[in-house]
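>>> Predicted structure and sequence below. I'll ask about it afterward.
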Amino acid sequence: MGENLVPRPFLKWAGGKTQLVDELLQHMPAYFINYHEPFVGGGAFFFKLYRAGKIHHATISDINAELIDTYIAIRDHVSDVIRLLGSFPHDKDFYYRLRAQNPFELDLPQRAARMIYLNKTGYNGLYRVNRQGQFNVPFGRYKSPQYCDKENLYAVSQALRHIKIICAPFETVLERAQPGDLVYFDPPYVPLSPTSNFTSYHANGFSVEDQKRLRDVCIELTKQNVNVMVSNSNVSTIRALYTSSQFIIDEVQANRAINCNGERRGKLTELIITNYPLEERAQRRILDQRAPLTAPYASV
Ligand SMILES: C[S@@+](CC[C@H](N)C(=O)[O-])C[C@H]1O[C@@H](n2cnc3c(N)ncnc32)[C@H](O)[C@@H]1O
């Protein structure tokens with residue numbers, strides 16, 4: 001099973017890039033060798049690339065061990081994961097019993113089934129752990145959540161068959177990327193304003209210092225002739241970090257939830273930063289943004 005099926009993200013993930021994937025696709029380099037995604041999360045762009053036939057050799061990674069184990073379990077033990085999910089009832093008591101288990105005392109398929117079930121039935125699909133690292137999201141109010149999407153899980157397993165899946169901090173990509181490769185970074189975003197509750201300043205422990213370390217990794221990769229694409233929020237802190245001749249900063253429309261409840265949605269702009277020239281359409285938009293309002297594009 002899974003041959004000819006189209007894989008889609010199997011988890012709801014904060015900061016998921018579903019709304020931005022078409023823009024990201026337009027910002028890809030014309031040619032690259034291996035693909036690396038060091039903040040893979042729910043993998044919206046990875047699965048988009050796979051569906052577009054652009055993934056051949058790839059490494060996906062993230063610092064979240066439970067998430068990475070779930071990818072590995074789906075790749076290597078998909079039937080066991082599906083069998084477990086199929087046996088789980090949609091029930092509040094069951095949810096809290098499963099939540100109370102220590103995922104690292106479970107085997108790989110059990111750990112993955114627990115993660116998928118809690119993610120799909122928990123409140124708003126949040127992944128949140130307390131200081132002890134225990135998942136602490138309450139039971140959600142869904143009528144009939146789709147936590148055992150057999151077809152998609154088989155399709156995902158198929159898509160991951162030849163993919164390297166690693167639990168590691170983002171900077172280790174420097175050890176793996178080769179000249180001609182493409183690295184796509186989608187870090188936890190900095191807040192839109194100091195009072196914004198869209199994400200905390202240290203979302204996933206990711207501070208402005210970490211954003212600077214990420215920029216430095218991009219500079220190092222540029223020296224090694226590796227293609228780099230970064231998505232981030234359109235805030236002055238991030239613009240300032242990438243303002244140098246080696247990066248092109250493009251502002252694109254995004255349609256994402258802007259508060260943690262996902263209730264208010266609005267058109268925001270986000271940044272896509274690359275270290276290689278963009279194809280003509282994206283180039284033209286950047287020139288349009290820079291041009292004075294009255295000047296026709298042709299004269300810029
Ligand atoms: C914005 S989310 C990525 C969303 C993803 N693009 C998607 O479509 O779902 C950021 C991810 O970075 C991971 N992360 C946070 N700090 C990290 C670090 N230092 N190194 C690697 N991954 C990290 C988080 O676990 C999270 O999955």
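Structure received. Residues are numbered from 1 along each chain as shown.
>>> contact partners of stretch 99-119?
With contact meaning Cβ atoms under 8 Å, 6 or more residues apart in numbering, stretch 99-119 is reached by 10-12, 65-67, 69-70, 72-74, 76-77, 80-81, 84-85, 88, 95, 98, 122, 125, 127, 135-137, 147. (Glycine included, C-beta is placed from N, CA and C.)
>>> In ChimeraX, select just the buried ones from those residues.
For the buried members of the contacts of stretch 99-119, the matching ChimeraX selection, counting by 16 or more other Cβ atoms under 10 Å, is:
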select :10,11,12,66,67,69,70,72,73,74,76,77,80,81,84,85,88,95,98,122,125,127,135,137,147
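>>> From the contacts of stretch 99-119, which land in helices?
Judged by DSSP state H, helices contain the following of the contacts of stretch 99-119: 65-67, 69-70, 72-74, 76-77, 80-81, 84-85, 95, 98.
>>> And those, which two are furthest apart?
D76 and Y95 (26.2 Å; Cβ to Cβ).
>>> How much space separates N152 from the ligand?
Distance, N152 to the ligand, using Cβ to the nearest ligand atom, to the nearest Å: 15 Å.
>>> for that residue, helix, strand, or coil?
Counting by DSSP: H, G, I helix; E, B strand; the rest coil, the backbone at N152 sits in helix.
>>> Pull out the buried positions in stretch 50-64.
Neighbour counts over stretch 50-64 (16+ other Cβ under 10 Å) mark Y50, I55, A58, T59, I60, S61, D62, I63, N64 as buried.
>>> so which strand or helix has the closest residue in space to the second one that isn't next to it in sequence?
What it means is I55. Leaving out its chain neighbours, the residue that sits closest to I55 by Cβ to Cβ, 6 or more residues apart in numbering is L49, at 4.9 Å. According to DSSP states H and E, L49 maps onto helix 44-51.
>>> Give me the contacts around that helix.
6-9, 13, 16-18, 20-21, 24-25, 35, 37, 40, 55, 58, 60, 156, 159, 184, 186.
>>> check these against the ligand, which are close?
Restricting these to those touching the ligand (Cβ under 6 Å from any ligand atom) yields W13, G16, K17, D186.
>>> can you tell me how far the closest residue to G43 other than its chain neighbours sits from V156?
Among residues not flanking G43 along the chain, P9 sits closest, at 5.5 Å (Cβ to Cβ, 6+ apart). Separation of P9 from V156 (Cβ to Cβ, to the nearest Å): 8 Å.
>>> between the two, who's got more neighbours?
V156 (24 against 19; other Cβ atoms under 10 Å).
>>> Surely that one is in contact with V6?
No - the criterion here is Cβ atoms under 8 Å, and V156 misses it with V6 at 9.9 Å.
>>> Can you name the residues of the protein sitting close to the ligand?
So the chain meets the ligand at 13, 15-17, 38-39, 41-44, 62-64, 169-170, 186-188, 204, 206 (Cβ under 6 Å from any ligand atom).
>>> The same query, at a cut-off of 5 Å, please.
13, 15-17, 39, 41-42, 44, 62-64, 169-170, 186, 188, 204, 206 (Cβ under 5 Å from any ligand atom).
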